[in-house]
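Enquirer: everything below, folded, please.
(one chain, ligands or ions: 1)
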Amino acid sequence: MLKKGELYYPDKDFQKKAWINNKKIYQQAEKDPVKFWEKLAGELFWFKKWQKGFLHNPPYFQWFVGGKINITENIFRHLSDKPALIWEPEPVNEEPKILTYQELFKSVNQLANALKILGVKKGDGVGIYLPMIPEAVISMLACCRIGAVHTVVFSAFSPSALRVRLQDTKAKVLITADGYFRRGQVINLKQNADEGIKETNIEKVIVVKRTGNEITWDNQKDLWWEELLQKQSQECQAEQMDSEDAMFILYTSGSTGQPKGIVHACGGYAVQAYWTGKWIFDFHQDDIFWCTSDQGWITGHTYTIYSPLLNGITTLMFEGAPDFPTPDRWAQIIEKRKVSIFYTAPTAIRMFEKYGAHHIEKYKFESLRLLGSVGEPIDTAAWLWYSKNIGKEKCPIVDTWWQTETGAILLSSLPGIGPFKPAFTGLPFPGIKVDILDKQGKAVSEGEEGRLVILPPFCPSLLRGVYKNPEKYLKTYWSQYGNKVYFTSDSALKDKNGLIRIVGRLDDVIKIAGHRVTTGEMEAAVNLHPEITECAVIGIPDEIKGEVPVIFIVTWSKKPLDKIKEEVVGWIKKEIGPIALPKEIYSVNDLPKTRSGKIMRRILRKLVTQAAAKGEKEDLSSLPSGEDLGDLSTLANPQSVDDIKNMINQ
Ligand code: PRX
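Expert: Take a look at the predicted model:
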């Protein structure tokens, strides 16, 4: 990479080979974004071409109207003996698996036929609750093959989290596994699945044998994956899907305990997943791409699976934690598999950094040519460390901004053009119009922070709705600036070059190690504790994980505090899962409230950050210094602030 001031550029060789290396693409796209996307869409295989590129009926819109497509027909244009998937298991002594495009195709068809026999039809929901194993890819593609709508649930989510998702989609079939490995332990996933399907419409459970642990079995419901697939033909016609048919629903945290089912459409999703991979990751035929995200998140859907496979390249999937059994496990995998593009979250980068450069001194990472970052803001220090120690100062870094709702990347510098600036995601992808507005809807000036919005015609892969909840769709995304402007809930700013920096969320979403959780859903979980009268959850900055939750509870229980804290953790695990575990729990007499009864979480956040800045809590010492607490006279109970301050500082 070449450095000019604070900006970085790809070197000549990278530029020359990149798909896109001429800035003109931006002007071409801007002239007529719909025409531009139509041209791109034309490179995919459609059973029938669309009649209209874009149709806007605010707050709804459609892309490639009348077109017929199936994403699997586009993936299996590349039928060959080339590896589609390299799977690395967690146990170091276990054999990895490599599936060629041919092999993947056969298994997808077999499962698709099996699903049909189980009564799954086009438009039906199917739940997928699997660890990072090849069967997860096969399951998702098999659903697409027959037009079933998959809902993937992250395997570390709790049975309750699985249940609310299955209840919402009314899926009749669930695909799961007996267990999986996590840091050397076997986790009994089937047990969680059995618990999670209670009070749902699930009639059949397909079980992959992964760990061979003991599980309970229901002859009426449960079917072994192996046995089911063996009997099926390896051929299955792809369903012709309308461009606007739902392809999948992926749930993301809601402001209450009820998650939002984000609906993605077949045509637009396929087009944008394909092209963002091709241009932002510069996929070439011999690339080995490793996106570290679990398929349970949108990043796993789009960039571990759909985008690389649509582009006919090899995707790598790793079952375990990147630092198990040794801190350099991830580095070993990059070297062993000759990974050429590595895409991960800033939390992972900061974790590698904390382990120390000596862990990776011996690795040259010669195969790497491009790096990516996603999911949370990457700070300058982590960016520079990533560039120096992993990219060896030769790999461009694409910092990609997007959301579960956008389905694919919207902001990122293109690697063959640049510029790359630490902590800035860069420019919008060609054909995408965004703006940064103040509260009144006026564009902010250069360097000023405002609200990031997406303007018509948006992008082909933007969500088409919140499943069964049109009010939420309208209120969350299309009401801040009228129904023709998509509100991202992110705060951002632009520099003099037009490069965009994402500052953070404006709503109650916190990103814990890049995972999206709302303080509202955590509060809903904690409030289920029968002895807790009220609670407040705040997100505070964390050196490694970006953000972590801190919980304040008011309880009348006479139990020892440690016991109550343990129970609170239990409720979080039960309702959400281990990703949302708090950094600290404080039991207080009262929470600061306005006279109308609103809990002032802002004050709580300031109290915690102030305490940390004073160095009174060493482990929080990375936090920015606390600001003035502001006017407390409007509080109904100002005394609560002093009480809490004393408690935190104890
Ligand atoms: O706040 C932004 C942050 O993650 C949010 C979306 O989270 P989720 O739906 O889980 O999708 C994550 C993976 C695409 C955004 O509203 N975010 C995502 N990417 C970045 C980011 N923040 C800063 N920089 C990024 N590159």
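
Enquirer: CA only for contacts and neighbour counts going forward, please
Expert: Fine.

Enquirer: enumerate the residues of the chain near the ligand.
Expert: Those residues of the chain that sit near the ligand, judged by Cα under 6 Å from any ligand atom, are 299, 374-377, 399-404, 425, 490, 502, 504-505, 515-516.

Enquirer: what about those, which are in strands?
Expert: Val374, Asp399, Thr400, Asp490, Ile502, Gly504, Arg505, His515, Arg516 (DSSP state E).

Enquirer: of all the residues you listed, which two lie farthest apart?
Expert: Asp399 and Arg516 (17.8 Å; Cα to Cα).

Enquirer: these two: who's more crowded?
Expert: Of the pair Asp399 and Arg516, Asp399 is the one with more neighbours under other Cα atoms under 10 Å, namely 32 against 19.

Enquirer: wait, what's in contact with the more buried one?
Expert: Neighbouring residues of Asp399 by Cα atoms under 8 Å, 6 or more residues apart in numbering: Gly372, Ser373, Val374, Ile378, Ser412, Ser413, Ala423, Phe424, Thr425, Gly426.

Enquirer: and which of these is nearest to the ligand?
Expert: Val374 (4.3 Å; Cα to the nearest ligand atom).

Enquirer: quick one: Lys204 and Asp222 touch, right?
Expert: Yes. Contact criterion Cα atoms under 8 Å: Lys204 and Asp222 qualify, at 5.9 Å.

Enquirer: now the strands: where do they sit in the stretch 1-150 of the chain?
Expert: 2-4, 7-9, 52-57, 60-65, 68-69, 83-88, 97-100, 125-129, 149-152 (DSSP state E, counting those that start in this stretch).

Enquirer: can you redo these as JSON lines with mean neighbour count?
Expert: Below are these laid out as JSON lines (neighbours: other Cα atoms under 10 Å):
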{"stretch": "strand 2-4", "mean neighbour count": "12"}
{"stretch": "strand 7-9", "mean neighbour count": "17"}
{"stretch": "strand 52-57", "mean neighbour count": "15"}
{"stretch": "strand 60-65", "mean neighbour count": "22"}
{"stretch": "strand 68-69", "mean neighbour count": "24"}
{"stretch": "strand 83-88", "mean neighbour count": "22"}
{"stretch": "strand 97-100", "mean neighbour count": "18"}
{"stretch": "strand 125-129", "mean neighbour count": "27"}
{"stretch": "strand 149-152", "mean neighbour count": "27"}
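
Enquirer: for the residue lying closest to Tyr355 once chain neighbours are set aside, what are phi and psi?
Expert: Distances taken as Cα to Cα, 6 or more residues apart in numbering put Pro327 closest to Tyr355, at 6.9 Å, once the chain neighbours are dropped. The phi/psi pair for Pro327 (degrees, to the nearest 10) reads phi -60, psi -20.

Enquirer: what's Pro327 in contact with, if anything?
Expert: Pro327 neighbours (Cα under 8 Å, 6+ apart): Phe352, Tyr355, His359.

Enquirer: what about the nearest residue to the last one once chain neighbours are set aside, neighbour count?
Expert: In this structure, His359 finds its nearest non-sequential neighbour in Asp328, 6.3 Å apart by Cα to Cα, 6+ apart. A count of neighbours around Asp328, defined by other Cα under 10 Å, yields 17.

Enquirer: going forward, begin numbering at 369 instead of 1
Expert: Understood, numbering begins at 369; the last thing we discussed is Asp696.

Enquirer: surely Asp696 meets His726?
Expert: No. Using Cα under 8 Å, Asp696 is not in contact with His726, being 10.0 Å away.

Enquirer: follow-up on the earlier one: pull the most distant pair out of the contacts of Asp767.
Expert: Ile746 and Ser781 (14.5 Å).

Enquirer: give me the pLDDT for Glu986.
Expert: pLDDT, Glu986: 44.
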